[in-house]
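Enquirer: Need a 3D model of the following:
(one chain, ligands or ions: 2)
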Amino acid sequence: MEKETQLPWLYELYLLGQSQLLRETPAIVQQQILQHIIRGFGADTGSLALCDTEDCFEMTIVAGTGLPENTVGSSVKCEESLLGWVMRHGEPVMLVGDAAKDARFSNLKLHSHKERVGCSMCWPLKLEKRMLGALCVNRAEIRAPFTHADLEQGTLLVNLISIVIENMKLHIAQQEAHRLALQSREHLEQILSALDNVVWSITPDTFETLFLNPAAENVYGRSIAEFMADSNLWFQTVHPDDRKRVGQCMPEILEKGVLDIEYRIMRPDGEVRWIHDHIHAIFGENGEPVSLNGLGTDITQSREAEIKLKKSHAELQEAYAKLQDIQSQLLQSEKMASIGQLAAGVAHEINNPIGYVYSNLGSLQKYLDEVFVVLDVYEKFEPLLASHAEAINVVRAVKRKADLGFLREDVAALMGESREGITRVKKIVQDLKDFSHVGSEEEWQQADLHQGIDSTLNIVNNEIKYKAEVKKEYGDIPDIECLPPQLNQVFMNLLVNAAHAIEDRGTILIRTGSANEMVWVEVSDTGKGISPENLSRIFDPFFTTKPVGTGTGLGLSVSYSIIQKHHGSINVASEVGKGTTFRIALPVKQPEPGPETKTML
Ligand SMILES: Nc1ncnc2c1ncn2[C@@H]1O[C@H](COP(=O)(O)OP(=O)(O)O)[C@@H](O)[C@H]1O
Ligand SMILES: [Mg+2]
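Expert: Ligands and ions are numbered 1, 2, ... in the order given. Here you go, the predicted model:
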């Protein structure tokens, strides 16, 4: 090559190595480079092989002219070809005539006839010690062969070609790396855009937004541009009630490097949403915080579901408690109903005999009185029998035997006791009848409970006055629809029980009030209280802790059924040694009588 043409040639070679086409079609450019070299050396054909790997065990022919078909792209075993030989020996070679006749290449499987005749120059391509590949140019047999000067000049140029080739390879690698980077960035962006979660990154000191994915617009209802423009905006979106808590978490993030936090945000449309943020602090080489990155999840729905669940759980529990209450009331009224039937039957059966025994006792007393009057008269005339010694002896003997003095006293006592007994039986029968409501006249009326309580107090005053001081705290209550005599009976039972419970002296407090269409009455005493094991039994018919003859055990069960009939409730609270409070609640208006209310008791 002439000296003056060398420089433009080199420059053109350099440009080829920089070609933008390299990335898309490296084979074409490599072919162009080879072509350029062939032209530069005034050769007819040539080939260019590049190492596949760093150790250069195999090469691939990347460009060639005058080679058998499909040679370009095929690999070259280093032991088998001239290119390989050159590369292995690291020195250029010039061949004139048939290569196969040269002892150095006797082991090689040479490609074609063309390779073996004419003349060839072959150079290894290397940079410092690193092998890149090999280059070969050939001149046809009929033309003048290459000279040793050509080989030497070529050796100098090949270094440059190596640089260009290396450059080209670097260029390809760089372009590939760039393409991969772009591709993975694109991929990442696709992923980030498709996420429902908010992915964000801010500076830890000024809170400037470094990155925000499109999900933020959906969740926060504001554009990414708004967040980018105003570093305070995010904190302002936090719900005022949560701001303090969120603001205080900064030291913890910097200390632990990671934090999970839940808070509310307010959107411009007024909607409040719950966010779960998983925050990571990124630190620089010197341990200084570089950025805060986070993954925000909109947990509004699950939060709401949780709240709903809690609410329905509470409702369920309430309903369950109510159900239990109703069940125990049902059990009680069931018991009442069956006992009521029994009581009604018993009362009915006993009522008649009791009636005539009671009235017969009255007659008997009268007759006995008369008999004693007759006896008195006989006794008065007894001295007149003195002359009839036989008669008087008989009378005296009979009198002595009968112990008339004692008889007279004892008959009176027995009659008194019997009458008292039968009176008590009559009272029990009456209680039983009340309990079962047999024969009680029912007339619903509007009545003032205070009046009922006061008149009942008058009646039971005798039983109470030695035991307790009665205090009243009457509230403002409306008249209620009720059966006044029956309610009076309830008040009486409660007041008498209260007095019985007080051992020495105490207080009975009567309180009233109204709320929600209901009127309540409380009777409290400072008596001995009711033990827990008895508390569940006091409403049972015939349950009493009082001595035989004092209590019937019917007072509270009768009261219970009366209150039930009024669609009210009766409850008790008691503490042993302190006292007891009974609380009655009654509706102001009775519900319309349905078919089922008639079957109660
Ligand atoms: N105010 C009260 N203080 C303590 N115990 C009470 C009170 N009221 C009722 N009791 C208990 O309930 C039982 C049942 O009362 P009740 O049905 O009126 O029947 P009785 O009064 O005839 O025993 C009583 O025997 C008593 O043990
Ligand atoms: Mg009683």
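
Enquirer: Could you use CA atoms for every contact and neighbour count after this?
Expert: Will do.

Enquirer: Just the local confidence number for residue 451, please.
Expert: At residue 451, the pLDDT value in this model is 88.

Enquirer: For it, what is the enclosing helix or strand?
Expert: helix 449-464 (DSSP states H and E).

Enquirer: what packs against whichever helix or strand comes after that helix?
Expert: On the C-terminal side of helix 449-464, the closest following helix or strand by DSSP H and E is strand 468-473. Helices and strands touching strand 468-473, as assessed by 3 or more Cα pairs under 8 Å, 6 or more residues apart in numbering; DSSP states H and E, comprise strand 506-515.

Enquirer: Mind giving me the packing neighbours of the helix holding residue 451?
Expert: Using 3+ Cα pairs under 8 Å, 6+ apart, helix 449-464 sits against helix 484-501.

Enquirer: got the angle between the helix it packs on and strand 506-515?
Expert: 140 degrees (axes from the mean of the first three to the mean of the last three Cα atoms, to 10 degrees).

Enquirer: what domains does the record give for this protein?
Expert: 3-176, 198-298, 313-436, 445-598 (automatic domain parsing).

Enquirer: possible to save the ones you listed as JSON lines with mean neighbour count?
Expert: Output for those, formatted as JSON lines (neighbours: other Cα atoms under 10 Å):
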{"stretch": "domain 3-176", "mean neighbour count": "18"}
{"stretch": "domain 198-298", "mean neighbour count": "16"}
{"stretch": "domain 313-436", "mean neighbour count": "14"}
{"stretch": "domain 445-598", "mean neighbour count": "17"}
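
Enquirer: With distance to residue 189 added, can I get the ones you listed in a markdown table?
Expert: Below are those laid out as a markdown table (distance: least, Cα to Cα, whole Å):
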| stretch | distance to residue 189 |
| --- | --- |
| domain 3-176 | 19 |
| domain 198-298 | 8 |
| domain 313-436 | 44 |
| domain 445-598 | 63 |
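
Enquirer: Which one, of these, ends up nearest to ligand 2?
Expert: Across those, ligand 2 has its closest neighbour in domain 445-598 (4.3 Å, Cα to the ion).

Enquirer: Tell me where the chain is predicted with low confidence.
Expert: Applying pLDDT under 70 to the chain flags the ranges 1-3, 22-24, 78, 99-100, 107-117, 326, 328-340, 431-442, 549, 593-601.

Enquirer: Residue nearest the middle of it, spatially speaking?
Expert: Centroid-nearest residue in the chain: residue 306, 4.5 Å away (criterion: Cα atoms, centre = their mean).

Enquirer: near ligand 2 at all, the helix holding residue 451?
Expert: No. Helix 449-464 does not reach ligand 2 (Cα under 5 Å from the ion); its nearest approach is 12.2 Å.

Enquirer: how far out from the middle of the chain is that helix?
Expert: Distance, stretch centre to chain centre, for helix 449-464: 56 Å (Cα atoms, centre = their mean, to the nearest Å).

Enquirer: Send over it as CSV, restricted to the C-alpha atoms.
Expert: Presented in CSV, the C-alpha positions along helix 449-464 are these (Å, rounded to 0.1, in the frame of the first residue of the first chain):
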residue,chain,number,x,y,z
LEU,A,449,-98.4,2.9,90.1
HIS,A,450,-97.5,5.4,92.9
GLN,A,451,-101.1,5.2,94.1
GLY,A,452,-101.0,1.4,94.1
ILE,A,453,-97.7,1.3,96.0
ASP,A,454,-99.0,3.7,98.6
SER,A,455,-102.2,1.8,99.3
THR,A,456,-100.3,-1.5,99.5
LEU,A,457,-97.9,0.2,101.9
ASN,A,458,-100.9,1.1,104.1
ILE,A,459,-102.1,-2.5,104.1
VAL,A,460,-98.7,-4.0,105.0
ASN,A,461,-97.8,-1.3,107.3
ASN,A,462,-98.2,-3.5,110.4
GLU,A,463,-95.8,-6.0,109.1
ILE,A,464,-93.2,-3.5,108.2
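
Enquirer: and the gap between residue 456 and residue 207?
Expert: 80 Å (Cα to Cα, to the nearest Å).

Enquirer: again with residue 25
Expert: For residue 25, the distance to residue 207 (Cα to Cα) stands at 47 Å.

Enquirer: now residue 530
Expert: 69 Å.

Enquirer: what's downstream of the longest strand out of those in the chain, the next helix or strand?
Expert: Counting by DSSP state E, the longest strand found in the chain is strand 272-283. Heading C-terminal from strand 272-283, the first helix or strand you meet, by DSSP H and E, is strand 289-298.

Enquirer: Is the next helix or strand after that following strand in proximity to ligand 1?
Expert: On the C-terminal side of strand 289-298, the nearest following helix or strand under DSSP H and E is helix 300-380. No. Applying Cα under 6 Å from any ligand atom, one finds helix 300-380 separated from ligand 1 by no less than 12.7 Å.

Enquirer: what's the next secondary structure element after helix 300-380?
Expert: helix 389-402.

Enquirer: Other residues contacting that following helix?
Expert: For helix 389-402, contacts defined as Cα atoms under 8 Å, 6 or more residues apart in numbering pick out 382, 385-386.

Enquirer: ok, 6 Å please
Expert: Helix 389-402 has contacts (Cα atoms under 6 Å, 6 or more residues apart in numbering) with residue 385.

Enquirer: So residue 577 lies in a strand, does it not?
Expert: No. Under DSSP: H, G, I helix; E, B strand; the rest coil, residue 577 sits outside any strand and is assigned coil.

Enquirer: Angles on the backbone of it, please.
Expert: Main-chain dihedrals, residue 577, degrees, to the nearest 10: phi 90, psi -10.

Enquirer: tell me the contacts of it?
Expert: 528-529.

Enquirer: That one and residue 498: what is the separation?
Expert: Taking Cα to Cα, one finds residue 577 at 13 Å from residue 498.

Enquirer: likewise residue 455?
Expert: 17 Å.

Enquirer: Flag every residue of the stretch 401-550 of the chain that's near ligand 2.
Expert: Going by Cα under 5 Å from the ion, the residues of the stretch 401-550 of the chain near ligand 2 are residue 497.

Enquirer: Surely residue 412 is within a helix?
Expert: Yes. Under three-state DSSP, residue 412 sits within a helix.

Enquirer: quick one: contacts for it?
Expert: Contacts of residue 412 (Cα under 6 Å, 6+ apart): none.

Enquirer: What residues does the protein have near ligand 1?
Expert: 493, 497-498, 501, 527-530, 538, 543-546, 551-557, 580.

Enquirer: Just the ones in strands from those residues, please.
Expert: Among these, the members found in strands (DSSP E) are residue 580.

Enquirer: Which secondary structure element is home to the nearest residue to residue 571 once chain neighbours are set aside?
Expert: In this structure, residue 571 finds its nearest non-sequential neighbour in residue 583, 5.2 Å apart by Cα to Cα, 6 or more residues apart in numbering. If you go by DSSP H and E, residue 583 is part of strand 579-587.

Enquirer: From the rest of the structure, what touches that strand?
Expert: Contacts of strand 579-587 (Cα under 6 Å, 6+ apart): 518-529, 568-574.

Enquirer: From ligand 1, how far off is residue 471?
Expert: Look at residue 471 and ligand 1: by Cα to the nearest ligand atom, to the nearest Å, they are 15 Å apart.

Enquirer: pretty sure that residue contacts residue 509?
Expert: Yes. Judged on Cα atoms under 6 Å, residue 471 makes contact with residue 509 at a distance of 4.7 Å.

Enquirer: For residue 163, see how far away the closest residue to residue 268 other than its chain neighbours is.
Expert: Residue nearest to residue 268 in three dimensions, not counting chain neighbours: residue 221, with 6.6 Å by Cα to Cα, 6+ apart. Separation of residue 221 from residue 163 (Cα to Cα): 57 Å.

Enquirer: Residue 382 now?
Expert: Taking Cα to Cα, one finds residue 382 at 173 Å from residue 163.
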